[in-house]
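Trainee: Predicted model follows, preceded by the sequence.
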Amino acid sequence: MLEELSVKKEPEKGLKALPNAEKGKVVMRFAPNPNGPPTIGSSRGMVVNSEYVKMYDGKFILRFDDTDPDQKRPMLEAYDWYVDDFKWLGVTPDEIVKASDRFDTYYEIAEQLILAGHAYVCFCDGETFKGLKDKKQACPHREAAPEDNLAHWKKMLAGDYEEREAVLRIKTDIQHKDPALRDWGAFRILKKDHPRPEIGNKYIVWPLLDFEGAIEDHLLGTTHIIRGKDLQDSGKRQKYIYDYLGWTYPVTLHWGRVRIEEFGKLSTSGIRRDIEAGVYTGWDDPRLPTVQAIRRRGIQAEALKKFMIEMGVGETDVSMSMDSLYAENRKFVDPIAHRMFFVADPVEMKIDGYAGGVVEAPLYPNQPEMRKIETGNLIVVTREDAGNLSVGSKVRLKDLGNVEITSVSPLAGKYIDNSMETTKKEKMKIIHWAPVDGLKVTVLGPEGNFEGIGERNITAELDKVVQFERFGFCRIDSVDGENVVAYFAHK
RNA sequence: GCUCCGAUAGUGUAGUGGCCAAUCAUUCAGGACUCUCACUCCUGUAACUCGGGUUCGAAUCCCGGUCGGAGCACCA
């Protein structure tokens, strides 16, 4: 039966349409510097770019902008980390390129620009050039003839100059009202090796981002670029090259910075230092805002995607709380997570009059599937719960039965029955428990670690997300005999 | 100093001149349900940066202020 549709327009769900995008013709790229692993922040670019490509049935390129072996030196392992996190997101790039493979192309185009009089070798030191530039004045090298510039360029390539002695600049408009756009640097000299062994110390003239990115975006056929606001001027600078060479600049969108409230001020280099110093166990330490870390904690790729997609592509800086991501994740994980008992900070409790046996407890609330917990009459409860008990008080041990407390230290009780009627009639509090001889469980989480005892069914949950009742969702990271390590996701 | 960009509830968004006494999500508060402090459900609190202008009509257009962000590197 068809219902009368409401006249109200549907709220737009998901990403907004890309300007000038044609189905099947969109080419987009995500271009990180592999100087560390993907973070929650960078995953925005991974998600949004790849989602747009999917939406338009286009082509997606992963490009490594890895041409700074000095300040933002790539990490060899990080190239694979990106591919791996993409795989986790369900994305396989159609093409993967490394800028460090394409020096020769950059050199060719540089030469073209030099010969056409659009680039020159500048011998000013940084400060001198800046001084002139701020006064809208050209430096003497700007007027050199193309042939001379070419000769200087060849000498640069040949290694005749030292670092900082010469730089290749793109001519724009030295009088441009925006100082950020006046004659910008395209290549510098750096007598350093590249971390990739196949590149090593093959090159001493290195392209800077604006040049490298400009050339790549054209050669790769990029139709749409989404990048940070910090690169807004970059597009304007690069357009000069596009104009000189008769290329068409891609459609460009910008977004503001994402700040995750819980993580505040962590920088990649700072984290790296702390890992080396042993403050963190690695890039996937649950306290870190890396994709590796949240994966390990059991955040689902779909949840991260929704989180990023709903944030959209705005130019304002956003400040998000992990709570939103957790709320998203809970929706995915709550229906599938098996319920398990884990008792943090355990206190022993003896139940007199209980023979022990096999307790049946539901794997999911209100559903028939059961799990079995074998236990004797010695169990553990959390120290917190124990603290709320007093002699004579009654409590229900979930799925096991009702108990009247007979002693507080040591904690002991008398078994009453296993009837929910009794529980309700007496308005007992329901607490969780575990057999004393359960597994030794360590939970590692962003706000600290917990030691405790868990039921043995956890063994079967390796690599899965479970809900430790009254504790939170965790991913079972390892099971080694009697020892289990779980990573805490969220409540 | 010069230049560019942005501004809707605590947070993130929807909204492109009348359907907006403003959407959705999350957070927070209260309640219902529940053998978990989870889930689900109900209710509530809470926003168009300010001042002018254009217009019959402005969150939406224009100008100015304020606030915020970014760039002016031989980093990305």
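Mentor: Done, it's in.

Trainee: From start to finish, how long is stretch A:203-217 in a straight line?
Mentor: 22 Å (Cα to Cα, to the nearest Å).

Trainee: any bit of it sitting next to RNA strand B?
Mentor: Yes. Using Cβ under 7 Å from any atom of the strand, we find that stretch A:203-217 touches RNA strand B at A:206, A:208-209. All C-beta spots, glycine's among them, are computed from the backbone N, C-alpha and C.

Trainee: Check stretch A:420-437 too.
Mentor: Yes. Stretch A:420-437 comes into contact with RNA strand B (Cβ under 7 Å from any atom of the strand), by way of A:420, A:423, A:430-432.

Trainee: Could you list the domains of chain A?
Mentor: What automatic domain parsing lists as the domains of chain A is A:102-207, A:338-490.

Trainee: show me the biggest helix of chain A in terms of residues.
Mentor: Secondary structure of chain A per DSSP state H: the longest helix is helix A:40-56.

Trainee: Would you mind measuring from the residue of chain A positioned farthest from its centre to residue A:15?
Mentor: For chain A, the largest distance from the centre (Cα atoms, centre = their mean) belongs to residue A:353, which lies 52.7 Å off. Distance of residue A:353 to residue A:15, given as Cβ to Cβ, to the nearest Å: 62 Å.

Trainee: From the residues of stretch A:420-437 next to RNA strand B, which land in strands?
Mentor: Under the assignment DSSP state E, the residues of stretch A:420-437 next to RNA strand B contribute A:430-431 to strands.

Trainee: ok so, going back, just give the nearest non-adjacent residue to the residue farthest from the centre of chain A, would you?
Mentor: Excluding its sequence neighbours, the residue lying closest to residue A:353 (Cβ to Cβ, 6 or more residues apart in numbering) is residue A:415, at 4.0 Å.

Trainee: Quick one: mean pLDDT for the host helix or strand of the one you found?
Mentor: Counting by DSSP states H and E, the element that carries residue A:415 is strand A:412-417. Strand A:412-417 carries an average pLDDT of 96.

Trainee: quick one: low-confidence ranges for chain A?
Mentor: Along chain A, the model assigns pLDDT under 70 to residues A:1-13.

Trainee: mind listing the helices for it?
Mentor: Going by DSSP H, chain A shows helices at A:40-56, A:78-88, A:103-115, A:126-134, A:146-158, A:209-219, A:232-245, A:268-276, A:291-296, A:301-311, A:322-333, A:383-387, A:420-425.

Trainee: out of those helices, nearest to residue A:226?
Mentor: helix A:40-56 (6.1 Å; Cβ to Cβ).

Trainee: For that closest one, output the C-alpha coordinates as PDB.
Mentor: Taking C-alpha atoms only, helix A:40-56 is exported to PDB below (Å, rounded to 0.1, in the frame of the first residue of the first chain):
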ATOM      1  CA  ILE A  40      41.700  10.200  12.700                       C
ATOM      2  CA  GLY A  41      42.200  13.700  11.200                       C
ATOM      3  CA  SER A  42      43.700  12.400   8.000                       C
ATOM      4  CA  SER A  43      41.100   9.700   7.700                       C
ATOM      5  CA  ARG A  44      38.700  12.500   6.800                       C
ATOM      6  CA  GLY A  45      40.500  12.900   3.500                       C
ATOM      7  CA  MET A  46      40.700   9.200   3.000                       C
ATOM      8  CA  VAL A  47      37.000   8.700   3.600                       C
ATOM      9  CA  VAL A  48      35.600  11.800   1.900                       C
ATOM     10  CA  ASN A  49      37.700  11.600  -1.300                       C
ATOM     11  CA  SER A  50      37.100   7.900  -1.700                       C
ATOM     12  CA  GLU A  51      33.400   8.300  -1.000                       C
ATOM     13  CA  TYR A  52      33.000  10.900  -3.700                       C
ATOM     14  CA  VAL A  53      34.800   8.700  -6.200                       C
ATOM     15  CA  LYS A  54      32.400   5.900  -5.300                       C
ATOM     16  CA  MET A  55      29.500   8.300  -5.600                       C
ATOM     17  CA  TYR A  56      30.500   9.300  -9.100                       C
END
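
Trainee: Pull out the buried positions in that helix.
Mentor: Neighbour counts over helix A:40-56 (16 or more other Cβ atoms under 10 Å) mark A:40-53, A:56 as buried.

Trainee: and the stretch 351-491 of chain A, which residues reach RNA strand B?
Mentor: So far as Cβ under 7 Å from any atom of the strand goes, the stretch 351-491 of chain A lies against RNA strand B at A:365-366, A:382, A:384-385, A:396, A:398-399, A:418, A:420, A:423, A:430-432, A:467, A:469-470, A:491.

Trainee: Quick check: ChimeraX command selecting the buried ones in these.
Mentor: Listed next is the ChimeraX selection for buried residues among these, using 16+ other Cβ under 10 Å:
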select /A:382,385,396,398,399,423,431,432,467,469,470
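
Trainee: List, one by one, the residues from the stretch 151-300 of chain A near RNA strand B.
Mentor: Near RNA strand B, when you scan the stretch 151-300 of chain A using Cβ under 7 Å from any atom of the strand, you find A:163-167, A:177-180, A:182, A:184-185, A:188-190, A:206, A:208-209, A:229-234, A:254, A:256-257.

Trainee: quick one: which of the residues of stretch A:420-437 next to RNA strand B is nearest residue A:91?
Mentor: Closest to residue A:91, out of all of these and judged by Cβ to Cβ, is residue A:432, at 39.1 Å.

Trainee: ok so, going back, can you add distance to residue A:318 and give the domains of chain A back as a markdown table?
Mentor: Below are these laid out as a markdown table (distance: least, Cβ to Cβ, whole Å):
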| stretch | distance to residue A:318 |
| --- | --- |
| domain A:102-207 | 24 |
| domain A:338-490 | 20 |
